[in-house]
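Undergrad: from the sequence below, what's the structure:
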Amino acid sequence: MYKRQADAFLNKSKQGKIKAYMEDHINILRETGHIGNANCYAATLNMLEHYDSKLDKKVFSESDIKFVNGFDIYLQKRGCKGNTRKYYFKALRSILNKAIQERKQQKKLILLVKVVFK
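TA: Numbers count the residues shown, from 1 in each chain. Presented below is the predicted three-dimensional model:
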């Protein structure tokens, strides 16, 4: 029962999916006036969707080194040079790091919720 409440509180049904997380982040950037950054993340998301047609189902735990290297090879095959690839990887790295940081914070919050609801 406590776990279900914590999951509902943290909206776990949407968590973990790369595309949904990036879309949420892009919307926040747009709402706060960071249009340039939002466009960069949107372009990266668009390129990731071309690379992986099942991105909407892919969760962060599946974004391993094989996924990242495959994305780099995909960009190279499309003719993207170093600076263009860096543009996409900067946004991807930022999203992955942000998700990792939030997950660490959520683990702490889950413990707090469990203690409060006991």
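Undergrad: contacts, neighbours, all on C-alpha from now
TA: OK.
Undergrad: and stretch 33-40, C-alpha only, in CSV?
TA: In CSV, the C-alpha atoms belonging to stretch 33-40 read as follows (Å, rounded to 0.1, in the frame of the first residue of the first chain):
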residue,chain,number,x,y,z
GLY,A,33,11.4,31.5,-22.0
HIS,A,34,14.4,29.3,-22.8
ILE,A,35,13.4,28.9,-26.4
GLY,A,36,16.9,28.3,-27.8
ASN,A,37,17.6,25.5,-25.4
ALA,A,38,14.1,24.1,-26.0
ASN,A,39,14.8,24.0,-29.7
CYS,A,40,18.2,22.3,-29.1
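Undergrad: any idea of the mean pLDDT for it?
TA: For stretch 33-40, mean pLDDT rounds to 97.
Undergrad: contacts for it, please.
TA: Around stretch 33-40, the neighbours that count as contacts under Cα atoms under 8 Å, 6 or more residues apart in numbering are His25, Ile26, Asn27, Leu29, Arg30, Tyr87, Tyr88, Ala91.
Undergrad: next, count neighbours for Lys66.
TA: Counted with other Cα atoms under 10 Å, residues neighbouring Lys66 total 10.
Undergrad: which ones are touching it?
TA: The contact partners of Lys66, by Cα under 8 Å, 6+ apart, come to none.
Undergrad: flag the shaky bits of this structure, pLDDT-wise.
TA: Regions of the chain meeting the criterion pLDDT under 70 cover residues 1-15, 105-118.
Undergrad: which parts of this structure are helices?
TA: Assigned helices in the chain, in chain order: 2-10, 18-31, 35-51, 65-77, 82-117 (criterion: DSSP state H).
Undergrad: show me the one of those helices that comes nearest Lys58.
TA: Counting by Cα to Cα, Lys58 lies closest to helix 18-31 out of these; the figure is 6.2 Å.
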